[in-house]
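Student: generate coordinates for the sequence data below:
(one chain, ligands or ions: 1)
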Amino acid sequence: MLKRISMLAVAGLTALSLAACGGGGGGTTTAGTGGEGGNDDAIVMGFSQVGAESGWRTANTKSVQESAKEAGITLRFSDAQQRQENQIKAIRSFIQQKVDVIAFSPVVESGWGTVLKEAKDAGIPVILTDRAVDDPDTSLYKTFLGSDFVEEGKKAGQWLVEEYKDATDTVNIVELQGTTGSAPANDRKAGFAEVIGADQKFKVIASQTGDFTRAKGKEVMEAFLKAHPDIDVLYAHNDDMGLGAIEAIEGAGKVPGKDIKIITVDAVKDGMQALADGKINYIVECSPLLGPQLMDLAKKVVAGESVPARVVTEETTFTQEQAKEALPSRQY
Ligand code: AHR
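Tutor: Predicted structure coming up:
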């Protein structure tokens, strides 16, 4: 069911959405990314983004916005500034606007049942992108497009096991977790723990959230370094926290990549540069380029076609040598 919206109505709806998002300090709904007003038959997608916490997120937002334009889909984009209440407000606003499809990347896994039921009752299909929800009722959304975060954590653990295969001493690990309660933080922690748990010599001596940001990664790593003079390895759930931690490690007079080995997840340009420079030892890729697949799924869902319940992103891993080769053509 496509809507024909006049420019006047668009202005009214935008005002409505801004009012709905206002006061929470988070969402700013913008209209027209995909050509609002230009094509009355265009599918209208309401997209609630987590925020702008990392290089990965910036690349993901760009991918979604550019792909919407290419696909001729009108995008109503809302930035939740890492707050679930802002995402819930944005989704309710999209329901009021009667968009054709809602896509969102849930900041945390829990607490979505009520608002997803509201979307279902309104007959608006929902696509989860990047992050999952833990609601057992999978009929609340049509599909989930994104990475296998448990697998990413396992890949990080497998590199570590191989790297220290001949070591007999204890390997002291500190972990910078992503946003508390988020799917990537939960799953990357679990996958890593499962793999290293098979060998008693691996000890996670400290594990705390750095909220996926560079600033928090630096701050928490500074605290880790003060409390633990004997850190061998840092496992950061994303590049940005790893990059912040590198500043803390250098500030403490240690050499990142040598005195403390570093594993991160994402493989954004800055992370890949640090890997090529020898400051990071290994990166597990998490692709942010979900836009094209998301738009394809949206078109199918709106047309009432069946889509797979789960679409897993293809990803790889990078050593320092591989990063040097990949950097010149890295898109993000
Ligand atoms: O959900 C994907 C994660 O969110 C990325 O790994 C991280 O950088 C981002 O903030």
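Student: the ligand contacts on the stretch 151-300 of the chain?
Tutor: Residues of the stretch 151-300 of the chain lying close to the ligand by Cβ under 6 Å from any ligand atom are Pro184, Phe212, Asn238, Asp240, Val265, Asp266, Cys286. Heads up, the C-betas are built off the backbone N, CA and C, glycines and all.
Student: tell me where the stretch 151-300 of the chain has strands.
Tutor: Secondary structure of the stretch 151-300 of the chain (DSSP state E, counting those that start in this stretch): strands at 171-177, 202-209, 233-236, 261-266, 282-285.
Student: relative to the longest one, what are the paired strands and their orientations?
Tutor: Yep, that's strand 202-209 we're talking about. strand 171-177 (parallel) (DSSP bridges).
Student: now the angle from the strand it pairs with to strand 261-266?
Tutor: 30 degrees (axes from the mean of the first three to the mean of the last three Cα atoms, to 10 degrees).
Student: only C-alpha atoms, please: export strand 171-177 in CSV.
Tutor: Once non-C-alpha atoms are left out, strand 171-177 reads as follows in CSV (Å, rounded to 0.1, in the frame of the first residue of the first chain):
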residue,chain,number,x,y,z
VAL,A,171,47.6,-14.7,29.3
ASN,A,172,46.0,-11.7,30.9
ILE,A,173,43.2,-10.2,28.8
VAL,A,174,41.1,-7.0,29.2
GLU,A,175,37.9,-6.6,27.3
LEU,A,176,36.2,-3.4,26.2
GLN,A,177,32.6,-4.3,25.7
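Student: please enumerate residues in contact with that strand?
Tutor: Residues from elsewhere that reach strand 171-177 (Cβ atoms under 8 Å, 6 or more residues apart in numbering): 160, 164, 185, 188-189, 192, 196, 201-210, 217, 220-221, 224, 228, 230-237, 241-242, 245.
Student: run a quick neighbour tally on Val107.
Tutor: Using other Cβ atoms under 10 Å, Val107 has 24 other residues around it.
Student: phi and psi next, for it.
Tutor: phi -60, psi -40 (degrees, to the nearest 10).
Student: tell me the pLDDT of it.
Tutor: Note on Val107: pLDDT of 98.
Student: show me what contacts Gln320?
Tutor: Gln320 touches Leu275, Ala276, Gly278, Ile280, Asn281, counting by Cβ under 8 Å, 6+ apart.
Student: returning to that earlier point: looking at the residues of the stretch 151-300 of the chain next to the ligand, state which has the most neighbours.
Tutor: Counting neighbours by other Cβ under 10 Å, Asn238 comes out on top of those with 34 neighbours.
Student: how about that residue, what does it touch?
Tutor: Neighbouring residues of Asn238 by Cβ under 8 Å, 6+ apart: Ser54, Trp56, Gly178, Pro184, Phe212, Thr264, Val265, Asp266, Cys286.
Student: one more time with 7 Å, if that's ok
Tutor: Asn238 sits next to Ser54, Trp56, Gly178, Phe212, Thr264, Val265, Asp266 when contact means Cβ atoms under 7 Å, 6 or more residues apart in numbering.
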